[in-house]
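> turn this into a model:
(chains A and B)
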Amino acid sequence: MKEASSHKSANTLRDLPVGSHARVTSVNGKGRISKRLMEMGVVPGADVRVVKAAPFGDPIEVVVRGYNLAMRCTEAESVEVVPV
Amino acid sequence: MIALAGNPNAGKTTLFNSLTGLRQKVANYPGVTVERKEGNWKLPFGHARLIDLPGLYSLEATSLDEQIARQVIAGELKDIPRPSAVIAVVDSTNLERNLYLVTQILEFGIPVVVALTMMDVFEKQGHEIDIALLSKRLGVPVIAVNAKDGRGVEDLAKAASDAVGKPAASFKLEAAEDGDSQNARIFARYNFVSDVVQAAVRHNDLEKHRRSEKIDSVLTHRFFGLAILAGLMLLVFQAIFSWASLPMDLLEQGFGWLADESRAVIPAGILNDLVSDGIIAGVGGVVVFLPQILLLFFFISLLEDSGYMARAAFLLDKLMSRVGLHGKAFLPLISSFACAIPGIMATRTIESRRDRFATIMIAPLMSCSARLPVYTLMIGAFFSGQYLFGFLSLGAVLMLLMYLLGIVTAIIVAFILKRTILNAPPPPFLMELPPYRMPNIRTVVQNMLTRAWLFLKRAGTVILAISIVLWALTYFPRHEQSAPAVAAAGSELNAGDAKESPEDDAEAGAEQIRNSYAGRLGHLIEPVIEPLGFDWKIGVALIASFAAREVLVSTLSIIYSVGKEENEESQTLIAAIRSAKRDDGRPVWTPLTALTLMVFFVLAMQCMSTVAVVRRETNSWSWPLFMIVYMTGLAYLVSFATYQIGRALGFE
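Numbering: from 1, shown residues only, chains lettered A, B, ... in the order given. You can find the predicted model right below:
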C-alpha cells in the first residue's frame, strides 16, 4: 500500500478554509481514490473553491468545473493545491 | 437496439420517459440488482429498442453500475445485443464533466449522438453555446432537446437513425506517457474537453450556483440543516405510519370481504379453505403493505428528484460513517420503523454494494409497525397501570426500551458486519450535490409505480408460496370435528367469518391447531424454547408468526379459544393469557415471560415479506437465509439471557 506521500509538506484541499479558491497541483492517494477524484474532474490544473463543511466537519463541499462535489476529508487530503 | 447513457442528474430519465412514453419495462440485469429499463422508441423508419443505462460518471469499472454500462456498450452481456448507437445525454449546465463520459464512449468506437439537455436553464443563466462547433470538435451530431415541450426530440430520432449502421468516428486522444498511464488518460480527456468547451461556450454568469447555494445556506446549515432534516423525516415517517393506515384498513377489509365471498361461492372443503384462508389471506397480507410502499417511494422520488437527498446524505455522513455506513443509509433505516420492506427497497440509492447489504441486513432490527400489536398485547396483559417512580408509565418505558434494543443491536451488527464479511476499504466518498430543481411529477409518479409493481410481482410469488405452506401446516392433518371454515393461523385477514357460533368455532379451531402439524411442531420445539419460559402453545404462535409478526395475536386467540377476531387490546384475550396454566398448575405467562417474548420479537426475523424482498434485492438466497439465522439466533440468545437472568434475580 502506497502512502499518500506528500500531504505533510504541501497544502491539501482539506486544509483550505471555507470560501477560499485554489488550483489543483496534484492528486495523490491510493489508486481508486485518485482515479475517482480525477474522473470527477479534480485533475491538476483545475480550479476549486471550498463551499462549506458538513455539521460535524466532514464531509466538505467544493465547486469544481462548475458543479458542487462533496467529499470526505480522507479524499480531500489527497488533493494538493496552491491557493489563488 | 440503442443505448441511452449519461451522468446522474443529467435529465436522462426524463428524456427516456419522453422518448418511450409508457412503453417501457423494468427488470434487473442478469445476476445483479442493477435496474434495467427498456422501452420502445419510434424512429422515422420503424422502431428501436431503447435501453436506459444506469446513471454514471465514467465507464471505467469501479461501481457495479459502471461495469454494467460498460458491458452493455461493449456488447459483453448475454441477452443484450451490442447497441448500434449510443445517445449520450449531456447536461449543458455541467458540460465538462458530462463531456468527459462522452469522450470515453467515443473511445469505444460506437456511433454516438449527443443529446444536450437543460438548455432552458443554461440559456436563462445567460450562457451561449455554438452547437455546430461542438458537434464538429466532437465529430458526432449534437442535438439540443427539451423533454418537457418535445423540442429537438424529432431531430434526435432522425440523427439516431442516421447514425445507426454508419461506421463510428474514430476517436483517440494522445495521452502523455508517464508513470501512471491510467491517470494520464483521464488528464488527457479533461484537457480535450476543456479546450472544446472553451471554444464552443461563452460563459456569462454563475446564477445557478448562486440560487442553489442560497437555498443550501439554509438547508445544509450547521444547525437549521439538521433541524429541517429531522422535520422532513418526521413528516415522511408520519405519512407511512399514519396516513397509510386508512387505505391499509380498507385493503384489509377488502381482502376479508373477498375471503368471505370465496368461502360462500366455492363448495365447502379443502379447495374452499385453501383459496380463502391460504391464498387470499396470504396475498392480502402482502398487498396490505402497498400504501406504505407507494407513499415512501413518492417521498423518496420527490427528495431525490429535487436534489435534497444528496444534501441529507451530506449532513449525516459523518454520523453514519462511524458505524461504517454511508450517509444515504439514513432514510432506509428510518423508514424501516414503519416497515422494513419499503426501507430495504429504498437502499437502492446506496451505490456501494457492501454498504447497501450492511444496511439491508440491519433494517429489520428497527421495530416496525407489525411488532406493535405484540408489544401492546404483552404490555396490556402484564404492565398496564404500573408506574416507575410514581409518574413514568412502565408500559411506555418498556416500549421505548424495545425500540432502543433494536437500534443498539443494529449499530453493533453493522459495526461487526462492516469489519467482517462486508469488510472493505471505504469506497471513495465523492457525491455530486446537484443544483436544486423542481421535481418532475411524471418522473416521480412513474418511479413510484415501477417500484410498487416490482414489489407486487416478485415478492408476491414467494409470499404466496410460503403462506400456502404455513396454511397447510395449521390445516393438516384434519381433525374430525373441526368445522371447515376454521384455522389458518397464517392469516390475520380472514376475520369476520362468524357464521357458526363463535364459541364452537373457537373451540374447534383450538382443537384443530393442537393436532395440526404446526401443533406437533410446537410440541417438538418445546424443549428448545423451554429455557425461554415458553410452552408449546407459545411455540405454535411463534411458528405461525414467522409469516408475519402480528399473526401472533390471532394465533394466540385461536389457541386460547377466545375467537380469532380478538385483537391485541381485547380483555378476553388478556384474561385468557393471564389465566393460562401449565400442566403442573403454574401460570404459563408471567411478566418475565412477557418481557422475554417482547425481546424475542424485537430481534427475530419473523416476516416472510421481508425475506422475499431481501431475496429479490440481493439476488441470492444466502443473504436472506443469513438474515434469518443471525437475527433469530440473536433473538434466542438474548431472550434466553433475559429469562435466565430474570429468574436468577428472583422473578418468576
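
> please list the residues of chain A that sit near chain B.
Neighbours of chain B within chain A, by C-beta under 8 Å from any C-beta of the partner chain: A:27, A:30, A:32-41, A:43-44, A:46, A:51-52, A:54-59, A:61, A:63, A:65-72, A:74-75. All C-beta atoms are positioned from the backbone trio N, CA, C, and that covers glycine.

> buried ones only from the residues you listed, please, as a ChimeraX command.
Applying 16 or more other C-beta atoms under 10 Å in any protein chain shown to the residues of chain A next to chain B, the buried members can be selected in ChimeraX as follows:
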select /A:27,33,34,35,36,37,38,39,40,41,43,44,46,51,52,54,55,58,59,61,63,65,66,67,68,69,70,71,72,74,75
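
> my guess is residue B:201 contacts residue B:126. True?
No - taking contacts as C-beta atoms under 8 Å, residue B:201 lies outside contact range of residue B:126: 11.6 Å.

> comparing the two, which residue is more hemmed in?
Between residue B:201 and residue B:126, residue B:201 has the larger neighbour count (other C-beta atoms under 10 Å in any protein chain shown), namely 18 against 12.

> now do the phi/psi pair for that one.
Backbone torsions of residue B:201, given as degrees, to the nearest 10, read phi -120, psi 140.

> low-confidence ranges, chain A, go.
A:1-10 (pLDDT under 70).

> the strands in it, which residues?
Per DSSP state E, chain A carries strands over the ranges A:21-27, A:47-53, A:60-64, A:67-71, A:79-83.

> which stretch among these comes nearest residue B:599?
Comparison of the strands of chain A against residue B:599 by C-beta to C-beta identifies strand A:67-71 as nearest, at 39.6 Å.

> and that closest one, what does it pack against?
In terms of contacts (3 or more C-beta pairs under 8 Å, 6 or more residues apart in numbering or on different chains; DSSP states H and E), strand A:67-71 is packed against strand A:60-64, helix B:308-321, strand B:430-432.

> for residue B:560, which of these is the nearest?
Per C-beta to C-beta, nearest to residue B:560 of the helices and strands packed on strand A:67-71: helix B:308-321, 44.3 Å.

> residue B:406 and residue B:603 touch, don't they?
Yes - counting by C-beta under 8 Å, residue B:406 does reach residue B:603; the two are 7.4 Å apart.

> residues shared between the contacts of the two?
Listed as contacting both residue B:406 and residue B:603 by C-beta atoms under 8 Å, 6 or more residues apart in numbering or on different chains are residue B:365.

> starting at the chain centroid, how far to the helix ranked longest in chain A?
For chain A, the longest helix by residue count, based on DSSP state H, is helix A:31-39. With C-alpha atoms, centre = their mean, to the nearest Å as the basis, helix A:31-39 stands 11 Å off its chain's centre.

> got it, and stretch A:27-47?
Centre-to-centre, stretch A:27-47 and its host chain are 8 Å apart (C-alpha atoms, centre = their mean).

> make JSON lines out of the helices and strands packed on strand A:67-71 and add distance to residue B:452.
JSON lines is the format used below for the helices and strands packed on strand A:67-71 (distance: least, C-beta to C-beta, whole Å):
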{"stretch": "strand A:60-64", "distance to residue B:452": "34"}
{"stretch": "helix B:308-321", "distance to residue B:452": "19"}
{"stretch": "strand B:430-432", "distance to residue B:452": "27"}
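
> tell me the spacing between residue B:245 and residue A:42.
For residue B:245, the distance to residue A:42 (C-beta to C-beta, to the nearest Å) stands at 48 Å.

> surely residue B:440 is in contact with residue B:305?
Yes - with contact defined as C-beta under 8 Å, residue B:440 and residue B:305 form a contacting pair (6.2 Å).

> contacts only, for the nearest residue to residue B:440 once chain neighbours are set aside.
The shortest distance from residue B:440 to any non-neighbouring residue, by C-beta to C-beta, 6 or more residues apart in numbering or on different chains, is to residue B:14 (5.6 Å). By C-beta under 8 Å, 6+ apart, the contact set of residue B:14 is B:117, B:147, B:148, B:440, B:442, B:443.

> just send those back as JSON lines, with secondary structure and distance to residue B:554 too.
Formatted as JSON lines, the contacts of residue B:14 follow (DSSP: H, G, I helix; E, B strand; the rest coil; distance: C-beta to C-beta, whole Å):
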{"residue": "B:117", "secondary structure": "strand", "distance to residue B:554": "53"}
{"residue": "B:147", "secondary structure": "coil", "distance to residue B:554": "50"}
{"residue": "B:148", "secondary structure": "coil", "distance to residue B:554": "51"}
{"residue": "B:440", "secondary structure": "coil", "distance to residue B:554": "44"}
{"residue": "B:442", "secondary structure": "helix", "distance to residue B:554": "42"}
{"residue": "B:443", "secondary structure": "helix", "distance to residue B:554": "41"}
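
> those residues: which two are farthest apart?
The distance between the two most remote of the contacts of residue B:14 (C-beta to C-beta) is 15.4 Å, for B:117 and B:442.

> of these two, who's got more company?
Neighbour count, other C-beta under 10 Å: between residue B:117 and residue B:442, residue B:117 has more, with 25 against 14.

> from the chain's centre, how far out does stretch A:37-57 sit?
With C-alpha atoms, centre = their mean as the basis, stretch A:37-57 stands 5 Å off its chain's centre.

> residues of stretch B:519-539 that come out buried?
B:519, B:521-522, B:525-526, B:529, B:532-539.

> repeat for stretch B:99-118
In stretch B:99-118, counting by 16+ other C-beta under 10 Å, buried: B:99-106, B:108, B:110-118.

> list the contacts for residue 83?
All of this refers to chain A. Listed by C-beta under 8 Å, 6+ apart, the contact partners of residue A:83 are A:11, A:16, A:20, A:21, A:22.

> oops, I was thinking of chain B
Going by C-beta under 8 Å, 6+ apart, residue B:83 touches B:1, B:2, B:3, B:51, B:72, B:73, B:75, B:110.
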